[in-house]
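Student: take this sequence and fold it.
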Amino acid sequence: MLLPRIKGPRDLDRLSQEELNQLAAEIRSFLVDAVSKTGGHLGPNLGVVELTIALHRVFDSPKDKVLFDTGHQAYVHKLLTGRQDFGGLRTKGGLSGYPSRAESDHDVIENSHASTVLGWADGLAKANEVLGREDHHVAAVIGDGALTGGMAWEALNNIAAAKDRPLVIVVNDNERSYGPTIGGLANHLATLRTTDGYERFLARGKEILERTPVVGKPLFETLHGAKKGLKDFIAPQGMFEDLGLKYIGPIDGHDIDALESALQRAKRFSGPVIVHCLTQKGRGYTPALEHEADRFHAVGVIHPDTGLPVKTAAASWTSVFADEMVKLGHEREDIVGITAAMLHPVGLNKFAEAFPNRIYDVGIAEQHGATSAAGLATGGVHPVFAVYATFLNRAFDQVLMDVALHKCGVTFVLDRAGVTGDDGASHNGMWDMSILQVVPGLRLAAPRDAEQLRAQLREAVEVKDAPTVVRYSKGVVGPAVPAVGRIGGMDVLRTPAPEVTLPLGPAGLGGALTDVLLVSVGALAPMCLEIADLLDKQGISTTVVDPRWVKPVDEALAPLADRHRVVVTVEDNGRTGGVGAAVSQALRDAGVDVPLRDFGIPQRFLDHALRKEIMAEIGLTAPDIARQVTGLVAKLDGRFDSEPAAAVD
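Tutor: Below is the predicted model of the structure:
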């Protein structure tokens, strides 16, 4: 076995070509065995085995910076940099599913949002230039759809402007749209294009021809056009070279020798170079190759031999949304769907199958998707843009200035909201309810169960003059949580005495002052009911309400809060600027002076772990919250006991 002997990249240097191929096979076997036990990004990593080996043989990490976008294809990189214990992959205390600076000096970018790597590479190359580090190199791997993101092209525009700043961009092309235009001629032309002598020859030839009277300049342009036409015929490089970037490829991304040759030439060149590599997602694993949807881009725990899930998946929030979207599509011809390269993960695949002419995949371009949605709405249809909650961060300006300012009826459906856990800091959807609070006119729903998701999605798409947002958690949808009544637009989930039924009265629950008003947000409703039960055992009376629409704050909440001694909010979102902060402001505006305690996610980046482990770590559990609320009520009791009885009337 060769893999256990690889403790760092330089251990690759002494391996023969035959041994390198053996190592590649061992890595694929290791990945299938390890990831099938834990879940993770399998297909992308099976596709970059040889490419990663070649990168680490050519570049001297960590002195040279080898960068991965989005990082989900960095498992092989981890193996080659001394991290071969995958038993705890994506679990607490184990390896992250993405690059992690805490794990290794070889890891640079932790942000697993796509299309950022070229911006990072541009900055690192500039830093090398400023500090005179001529022996330092930067290699950025981008692909798997990331080139559809606008950030990538903004970076390319800057990179191309610096003709003499070395930078290697590896385009990992694992799609099946390009033909295998590889071989001796393409390789020979690539060598010429990245040879300083060739560049000097072109510059000298241009200088001579342009000095030649009458025919010189037209002749040069004709020859240059012919050269470019020949190159475009041989390889699909014109787009990059039009930007001023040198191009090598396409290269067989599973031929280590060819990859090393191309990367060495690119490394020696004194400017930015594109190395175009053709790879096969899921390579070497038949179940992945036969999975047409995404070639096992990400999997749960599976049987390694068959690729089938070990457990049958229960109904998820995503599946509930997917089915309801199809029903809406049949009922309304003006409903269209938008996805940012996440058709299956966000559940729009069923809608796409039913209505192929009413679905738009904009690629990894959330900003464009939001503005395009504004255009669709202005044109008379109602777009539903389904996106991971954490990825909506990227389109905030468009939500604010394009959708909300223009009062466009666009519905944003935020999947994976709140603590998601095993994908780490950048995938926790803990920002949306905070950043969206500042958007004028926007309405935000947080359904507590499947029935409410269906109902609130339908309510959202009825709004024609403002953006609406429906957000829900990752994973299995919980049990139905029935309401015992309604006050304003809020569902009452629990009253201080279970036998109390409607009517509850316009001011709340009758004349008696209740201890705690517990405002439950979204999928945390079962936990909030558990909190109320624990408080009840302490003799603390509790009302639990689900506001359903958390923005704007329901007008009935302030008078209801006025009939309670304490208000408690519980949300699966960052505490700063979240629902708790909005409720607090609404109470102040209404002149209701009631103590408020907000529980949510602390404003810090959370390490990867299971959701329940993170919730316990941050104190967002029923016993933790009940304990703190009990202490708060006890303090109030002490204060009230020292005051005249009239003060509590």
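
Student: which parts of the stretch 201-350 of the chain are helices?
Tutor: 216-234, 238-242, 256-268, 286-289, 317-331, 349-354 (DSSP state H, counting those that start in this stretch).

Student: any idea which of these has the lowest pLDDT on average?
Tutor: Per-segment confidence across those bottoms out at helix 216-234, which has a mean of 50 in mean pLDDT.

Student: what about residue 557, neighbour count?
Tutor: Other residues lying near residue 557 total 23 when counted by other CB atoms under 10 Å. Yep, even glycine has a C-beta here, placed from its N, CA and C like the rest.

Student: pLDDT weak spots in this protein?
Tutor: In the prediction, the chain carries residues with pLDDT under 70 at positions 144, 175-239, 497-512, 639-649.

Student: by residue count, which helix of it is the longest?
Tutor: As far as residue count goes, and with DSSP state H defining each element, the longest helix of the chain is helix 17-38.

Student: and residue 311, how far from residue 91?
Tutor: In this structure, residue 311 lies at 17 Å from residue 91, with CB to CB, to the nearest Å as the measure.

Student: first-to-last residue distance for stretch 274-286?
Tutor: The separation between the terminal residues of stretch 274-286, taken as CA to CA, to the nearest Å, is 31 Å.

Student: check stretch 101-109 too.
Tutor: For stretch 101-109, the first and last residues are 8 Å from each other (CA to CA).

Student: with stretch 74-91 instead?
Tutor: 17 Å.

Student: now it: buried residues?
Tutor: By neighbour count, and taking 16 or more other CB atoms under 10 Å as the criterion, the buried residues in stretch 74-91 are 74-81, 83-84, 86, 89-91.

Student: and what of stretch 95-107?
Tutor: By neighbour count, with 16+ other CB under 10 Å as the criterion, the buried positions of stretch 95-107 are 95, 96, 97, 98, 99, 100, 103, 104, 106, 107.

Student: out of those, which is nearest to residue 296?
Tutor: Closest approach between these and residue 296, by CB to CB: residue 97, at 14.3 Å.

Student: now residue 10: closest residue in space that isn't a chain neighbour?
Tutor: Computed as CB to CB, 6 or more residues apart in numbering, the closest residue to residue 10 that is not its neighbour in sequence is residue 60, at 7.8 Å.

Student: same question but for residue 65, I mixed them up
Tutor: Leaving aside its sequence neighbours, residue 65 sits nearest to residue 138 (CB to CB, 6+ apart; 4.9 Å).

Student: and residue 480, by the same measure?
Tutor: With CB to CB, 6+ apart as the measure, residue 449 is the residue that lies nearest to residue 480, at 4.9 Å, once sequence neighbours are left out.

Student: and residue 463, by the same measure?
Tutor: When the adjacent residues along the chain are set aside, residue 463 lies closest to residue 409, with 5.6 Å between them (CB to CB, 6+ apart).

Student: just grab the bridge partners of residue 247 for me.
Tutor: Beta-bridge partners for residue 247, by DSSP bridges, are residue 274.

Student: again with the one 4 residues further on
Tutor: Here residue 251 sits in beta bridges with residue 277, going by DSSP bridges.

Student: that one: what's it in contact with?
Tutor: By CB atoms under 8 Å, 6 or more residues apart in numbering, the contact set of residue 251 is 182, 258, 259, 262, 275, 276, 277, 278.

Student: what do you get if the cut-off is 10 Å, keeping everything else the same?
Tutor: The contact partners of residue 251, taken as CB atoms under 10 Å, 6 or more residues apart in numbering, are 51, 54, 170-171, 173, 182, 186-187, 190, 258-263, 275-279.

Student: next, give phi and psi for the residue nearest to residue 65.
Tutor: According to degrees, to the nearest 10, the main-chain angles of residue 138 amount to phi -130, psi 130.

Student: contacts only, for it.
Tutor: So, once contact is read as CB under 10 Å, 6+ apart, residue 138 ends up touching 59, 64-67, 108, 120-128, 165-169, 272.

Student: which parts of the stretch 451-600 of the chain are helices?
Tutor: Counting by DSSP H, counting those that start in this stretch, the stretch 451-600 of the chain has these helices, from start to end: 525-537, 557-561, 579-589.

Student: deepest of the ones you listed, which one?
Tutor: Mean neighbour counts were taken over the helices of the stretch 451-600 of the chain using mean count of other CB atoms under 10 Å, and the top value, a mean of 21, falls to helix 557-561.

Student: you'd agree the residue nearest to residue 463 is up against residue 385?
Tutor: No: with contact defined as CB atoms under 10 Å, residue 409 does not count as touching residue 385 (11.9 Å).

Student: tell me, what's touching the two both at once?
Tutor: Residues touching both residue 409 and residue 385 (CB under 10 Å, 6+ apart): 373, 376, 403, 467.

Student: and the second one, which helix or strand is it part of?
Tutor: Meaning residue 376. helix 366-378 (DSSP states H and E).

Student: again with residue 142
Tutor: When secondary structure is defined using DSSP H and E, the element that contains residue 142 is strand 138-143.

Student: quick one: strands adjacent to that strand?
Tutor: Strands flanking strand 138-143 in the sheet, each with its direction: strand 65-68 (parallel), strand 167-173 (parallel) (DSSP bridges).

Student: want to throw the ones you listed into TSV with mean neighbour count and distance to residue 541?
Tutor: Listed next are the strands paired with strand 138-143 as TSV, based on neighbours: other CB atoms under 10 Å; distance: least, CB to CB, whole Å:
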stretch	mean neighbour count	distance to residue 541
strand 65-68	25	54
strand 167-173	26	60
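
Student: which of those sits closest to residue 554?
Tutor: If you check each of the strands paired with strand 138-143 against residue 554 by CB to CB, strand 65-68 wins as the nearest, at 45.4 Å.

Student: immediately after the closest one, which helix or strand?
Tutor: Scanning the chain past strand 65-68 towards its C-terminal end, the next helix or strand to appear is helix 75-80 (assignment: DSSP H and E).

Student: and that next one, C-alpha only, in PDB?
Tutor: The C-alpha coordinates for helix 75-80 follow below in PDB (Å, rounded to 0.1, in the frame of the first residue of the first chain):
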ATOM      1  CA  TYR A  75     -10.600  15.300   0.100                       C
ATOM      2  CA  VAL A  76      -7.700  14.100  -2.100                       C
ATOM      3  CA  HIS A  77      -5.800  17.200  -1.100                       C
ATOM      4  CA  LYS A  78      -6.300  16.300   2.600                       C
ATOM      5  CA  LEU A  79      -5.100  12.700   2.000                       C
ATOM      6  CA  LEU A  80      -1.900  14.000   0.300                       C
END
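
Student: name the helices or strands packed onto it?
Tutor: Packed against helix 75-80, as judged by 3 or more CB pairs under 10 Å, 6 or more residues apart in numbering; DSSP states H and E, are the following elements: helix 17-38, helix 43-46, helix 49-58, strand 65-68.

Student: distance between the second one and the chain's centre?
Tutor: Using CA atoms, centre = their mean, to the nearest Å, the distance from the centre of helix 43-46 to the centre of the chain it belongs to is 18 Å.

Student: which residues touch it?
Tutor: Taking CB under 10 Å, 6+ apart as the rule, helix 43-46 contacts 27-28, 31-32, 35, 52, 68, 70, 72-79, 143-144, 172, 174, 279-285, 287-289, 291, 294-299.
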